[in-house]
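>>> sharing a sequence plus its predicted fold:
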Amino acid sequence: MPAAVEIQDVSKHFRLYHEKYTSLKERVIHLNKIPFEEFWALQHISFDVNWGETVGLVGHNGSGKSTLLKCIAAILQPTSGEIRVRGRVAAMLELGAGFHPELSGRENIYLNAALLGVAKRDIDLRFDDIVEFSELGPFIDNQVRYYSSGMYTRLGFAVAVNVDPDILLVDEVLAVGDENFQRKCFDKVEEFQREGRTIVFVSHSPEIVRRVCDRAYVLDHGVIVGEGTAPEAISILREYQARGSGLASMIASMQEIESDSGGQAGRMAMSVAEPEERVMVGQISVSFPSTPAAGYLNPGDPMTVTVSYTATRHISGVIVGIQLFDQKGDMVFGTDSDLMGLEPLDADLEGELEFNFPSVPVTDGLFSVAVGFTSARDQHIYDWQNQELAFKVISNGKSSGYLKLDPRLIQNGSAVPSKA
């Protein structure tokens, strides 16, 4: 069965102009002489998205994620390569895309739906559902120019998910809006997944990617540099971030532009310089003082996370952070030495740190650990590493839920006695 989305050797080229001439005289004088730089936002991208999959695109700002999503949505045409999309596509690419500020919310629903290829009679049947989902009933006849960013997102997402799409393209818009609406959006995404619909998802949030995506691709400077399950892709992304990869470093490290013999515009050759100073995570290990031989943790027992590290030289002003994730990829705990009220650390050429947890009050499950080092001076990330499925918790109790709590039941001022 053919894939829902097929991307074959896609590249996208732009010209970056450093000077702009606005008057007719300037344009005539500088005709075909305006200086520019060649910029390849995408370079030879190839992968398939199968039916029913949720695939994530992750990377730093300027890595090409949104450009690729716009190419899939046919808003942009690739310079070379081919994209095949099968089925109806609904896209949430940016705030207010497809909205006219002078039109009301009601009128923009029909306009946006028309852009998605949905007939007016179909929207007439779904109009009430769209308004209910967006929670904009009292404001639906107001001009959208007066809408807040959250209201824009509510309306756009409500239209996108109610036009019965086969493929949903989502670009970071779920980060806008209040917590309740975000939860509603995620519930809708999970409903789409249960129905077997295809989703391509762009986000900067590792927690969201872990929660939503089956697998993900990592983009860096328009090139796919890694792929795998969501946790694997996030680990690759953090490795690239730790090396100082980013749009600014790309421009600074651009060395040359090579031209292909066939007349095609050339690909940029670039290299990212390693930072002069780094603190690198070594081995991450988890131990259980109460049950050292069991290989797992009982709810409420203490736990120790030991981290070895190396540094390129003696470095002062270092912050160490730790995060715990459940099997779905949701972060259940996170802190760092600064949030703990501790002084920045001095890192020698090598050393070892311990995070001692007096109690881990979770019922059961598999958990991952991530540890990283950051500069207290400028928040630069030195290194960040994941230890997938680092430990498990097994509960012998009969209580349900996520947390291991020990409540007491009081009746009329007296504790209810235990069973005989």
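Yep, that arrived.
>>> pLDDT weak spots in the stretch 51-200 of the chain?
The stretch 51-200 of the chain contains residues with pLDDT under 70 at 94-98, 173-178.
>>> wasn't Leu125 part of a helix?
Yes - counting by DSSP: H, G, I helix; E, B strand; the rest coil, Leu125 is part of a helix.
>>> tally of neighbours for it?
For Leu125, the neighbour count with other Cβ atoms under 10 Å is 9. Glycine gets a C-beta too; all of them are placed from N, C-alpha and C.
>>> any idea how far it lies from Glu132?
Relative to Glu132, Leu125 is positioned 13 Å away (Cβ to Cβ, to the nearest Å).
>>> let me see the ranges of the helices in the stretch 1-150 of the chain.
Under the criterion DSSP state H, counting those that start in this stretch, the stretch 1-150 of the chain contains helices at 24-29, 65-72, 105-115, 120-134, 149-161.
>>> the domain parsing of this structure - what is it?
5-87+166-240, 279-393 (automatic domain parsing).
>>> start to end distance for the last one?
Its first and final residues considered, domain 279-393 spans 31 Å by Cα to Cα, to the nearest Å.
>>> tell me the mean pLDDT for that domain?
The average pLDDT within domain 279-393 is 90.
>>> and Ala230, what is it in contact with?
Contact partners of Ala230, counting by Cβ atoms under 8 Å, 6 or more residues apart in numbering, are Gly56, Val209, Arg210, Cys213, Asp214, Arg215, Ala216, Gly329.
>>> go again using 7 Å as the cut-off
Ala230 makes contacts with Gly56, Val209, Arg210, Cys213, Arg215, Ala216, Gly329, as judged by Cβ atoms under 7 Å, 6 or more residues apart in numbering.
>>> quick check on it: phi, psi?
Backbone torsions of Ala230, given as degrees, to the nearest 10, read phi -60, psi -50.
>>> what's near enough to touch Gln283?
Residues in contact with Gln283 (Cβ under 7 Å, 6+ apart) are Ser308.
>>> so where does it fall, helix or strand?
strand 279-287 (DSSP states H and E).
>>> just how off-centre is that strand within its chain?
Chain-centre distance of strand 279-287: 25 Å, with Cα atoms, centre = their mean, to the nearest Å.
>>> all strands of the stretch 1-150 of the chain, in order?
Per DSSP state E, counting those that start in this stretch, the stretch 1-150 of the chain carries strands over the ranges 5-17, 36-49, 54-59, 80-85, 89-92.
>>> could you measure the residue nearest to Ala3 when sequence neighbours are not counted against Glu227, distance?
The shortest distance from Ala3 to any non-neighbouring residue, by Cβ to Cβ, 6 or more residues apart in numbering, is to Asp48 (3.9 Å). Computed as Cβ to Cβ, the Asp48 to Glu227 distance reads 11 Å.
>>> ok, Asp141 touching Asn108?
No - in this structure, Asp141 is not within contact of Asn108 by Cβ atoms under 7 Å, at 10.9 Å.
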